[in-house]
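Chemist: Structure here, sequence nowhere to be found:
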Ligand SMILES: NC(=O)c1ccc[n+]([C@@H]2O[C@H](COP(=O)([O-])OP(=O)(O)OC[C@H]3O[C@@H](n4cnc5c(N)ncnc54)[C@H](O)[C@@H]3O)[C@@H](O)[C@H]2O)c1
Ligand SMILES: N[C@H](CO)Cc1c[nH]c[nH+]1
Ligand SMILES: [Zn+2]
């Protein structure tokens with residue numbers, strides 16, 4: 001029996017917040033990737049161990065298994081960089097340059113500055129900034145290569161002054177790397193690129209292999225495997241820093257009755273198409289708007305090339321009706337979305353109601369996709385609720401803030417007694433003497 005295609009958004013996706021008990025509310029805001037978290041963690045741990053033991057040989061095996069291609073040398077050669085430059089269309093090159101300029105403008109404006117303060121006569125405290133010595137960047141390419149991510153990682157790294165930069169990205173089935181990723185990397189001064197994806201890339205950059213150098217901190221988004229691998233390597237004995245959990249994409253839209261349903265549906269679909277575990281949420285105080293958005297999703301979905309992936313992501317979509325917009329913000333702040341779109345009349349007026357989010361898009365003319373590419377903000381953003389405690393990537397993510405204190409005799413006399421008192425209270429005699437011996441001599 002044939003008929004109309006099954007609707008992507010069904011009654012199971014529709015929720016009336018006021019009618020839910022607390023368990024149903026918690027369930028409504030659960031991320032889809034959490035479902036098989038334990039299984040993913042075990043698989044990832046085994047793969048990291050395989051790289052630790054096997055080095056480059058393991059990288060070759062895993063690339064063959066997961067990317068379906070046999071590669072002898074993972075490092076991208078100078079010839080491959082040159083070929084990529086020749087291959088990409090001028091319009092794409094121009095877009096990379098144009099986006100890069102705005103990303104640089106925004107990130108440069110937000111850079112931390114060194115500073116110094118005399119906290120007492122003869123006591124100078126400073127903060128100096130140093131680039132993290134060797135950074136490892138991950139550019140996803142499983143379902144689609146993301147040259148924009150190379151810009152989002154490479155530009156703040158360059159502004160921070162990082163000279164030793166390694167970048168990994170999964171190879172294509174023919175063993176090459178997407179040329180636009182290479183052009184974007186080169187535009188940031190990055191020439192050390194490895195054809196490596198997933199867990200094996202993260203493990204290689206964390207542990208080091210014969211060909212891939214061990215890095216001090218890893219950056220970049222990726223699927224649930226990549227995100228779990230970052231989490232695990234951060235706990236290894238040779239500690240490696242990570243930027244944040246930046247996993248499967250999320251968008252939450254708060255829309256009022258006046259929102260444009262065509263635009264709202266397009267925004268929800270734009271994040272659903274990233275992968276089956278993307279999560280999209282619409283919250284509105286207007287039932288009619290929700291109905292119109294759902295109709296638009298069904299209409300627009302069938303036109304999309306990645307319809308099956310998108311349809312799978314929509315299985316975990318939430319269309320939530322609330323009594324008031326204040327309720328919508330309370331839900332959003334509890335969920336901590338990676339992206340938050342305010343499709344509201346006078347959207348800026350509502351900005352103070354946002355207390356937790358990765359990046360906010362104000363009004364009908366700010367699609368989230370602009371932030372993905374070229375508004376200037378960074379698209380590497382916290383997912384899975386991490387927006388509660390970490391912000392998006394920025395130049396400071398690539399820097400060490402080192403504090404310095406310079407104290408002369410006068411300074412020691414001024415603040416030494418304070419330290420002596422506190423050391424005595426803590427019963428730390430050696431601490432007290434390190435100060436009082438100098439006080440005696442000063
Ligand atoms: N939060 C952010 O800032 C942000 C930004 C951009 C993209 N993203 C997300 O990044 C993700 C990109 O995912 P992707 O899959 O397209 O590319 P990816 O490069 O992250 O992952 C591809 C790799 O996953 C590995 N892999 C696939 N199946 C596996 C399995 N069963 N076991 C072990 N490893 C496996 C393979 O090694 C493959 O190379 C999407 O979820 C997207 O939403 C997030
Ligand atoms: N939306 C992604 C972050 O969640 C970033 C991206 C790159 N390209 C397209 N989108
Ligand atoms: Zn996107």
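Modeler: Sure, I can see it. Bear in mind the structure is a predicted one, so any value in this text is a computation, not a measurement. Ligands and ions are numbered 1, 2, ... in the order given.
Chemist: Give me the neighbour count for the residue nearest to residue 176 when sequence neighbours are not counted.
Modeler: In this structure, residue 176 finds its nearest non-sequential neighbour in residue 80, 7.0 Å apart by Cβ to Cβ, 6 or more residues apart in numbering. For the C-beta atoms, the positions are set from N, CA and C on the backbone; glycine is no exception. Counted by other Cβ atoms under 10 Å, the residues lying close to residue 80 total 16.
Chemist: now residue 53
Modeler: When neighbours are defined as other Cβ under 10 Å, residue 53 has 9 of them.
Chemist: host element of the residue nearest to residue 176?
Modeler: Per DSSP states H and E, residue 80 falls inside helix 78-87.
Chemist: how distant is that helix from the center of its chain?
Modeler: The chain centre lies 28 Å from the centre of helix 78-87; the measure is Cα atoms, centre = their mean, to the nearest Å.
Chemist: what about the residue nearest to residue 176, distance to residue 366?
Modeler: From residue 80 over to residue 366 the distance is 37 Å, taken as Cβ to Cβ, to the nearest Å.
Chemist: quick one: residue 361 is in a strand?
Modeler: Yes. According to DSSP: H, G, I helix; E, B strand; the rest coil, residue 361 belongs to a strand.
Chemist: Count the neighbours of it for me.
Modeler: 24.
Chemist: Then residue 113?
Modeler: Using other Cβ under 10 Å, residue 113 has 6 neighbouring residues.
Chemist: contacting residues for it?
Modeler: For residue 113, the contact set (Cβ atoms under 8 Å, 6 or more residues apart in numbering) comprises residue 129.
Chemist: Try it again at 10 Å.
Modeler: 127, 129 (Cβ atoms under 10 Å, 6 or more residues apart in numbering).
Chemist: which stretches of the chain have low pLDDT?
Modeler: 1-4, 33-35 (pLDDT under 70).
Chemist: let's go with 80 and repeat that
Modeler: 1-5, 32-36 (pLDDT under 80).
Chemist: on that earlier part again, can you pull the buried residues of the helix holding residue 80?
Modeler: 80, 81, 84 (16 or more other Cβ atoms under 10 Å).
Chemist: So which bits of the stretch 101-250 of the chain are right by ligand 2?
Modeler: Residues of the stretch 101-250 of the chain lying close to ligand 2 (Cβ under 6 Å from any ligand atom) are 146, 148, 149, 249.
Chemist: In helices, which of those residues appear?
Modeler: 148, 149 (DSSP state H).
Chemist: for the residues of the stretch 101-250 of the chain next to ligand 2, which one is nearest ligand 1?
Modeler: Of all these, ligand 1 sits closest to residue 249, with 3.4 Å by Cβ to the nearest ligand atom.
Chemist: contacting residues for the closest one?
Modeler: Counting by Cβ under 10 Å, 6+ apart, residue 249 makes contact with 221, 270-275, 277-280, 313, 338-339, 368, 372, 379, 381, 383.
Chemist: hmm, try it at 6 Å
Modeler: Residue 249 makes contacts with 271, 274, 278, as judged by Cβ atoms under 6 Å, 6 or more residues apart in numbering.
Chemist: for residue 135, same thing?
Modeler: 157, 162, 165, 215, 217 are the contacts of residue 135 under Cβ under 6 Å, 6+ apart.
Chemist: Pick out whichever of the residues you listed sits closest to residue 172.
Modeler: residue 165 (22.1 Å; Cβ to Cβ).
Chemist: ok, that closest one touching residue 191?
Modeler: No. Taking contacts as Cβ atoms under 6 Å, residue 165 lies outside contact range of residue 191: 8.7 Å.
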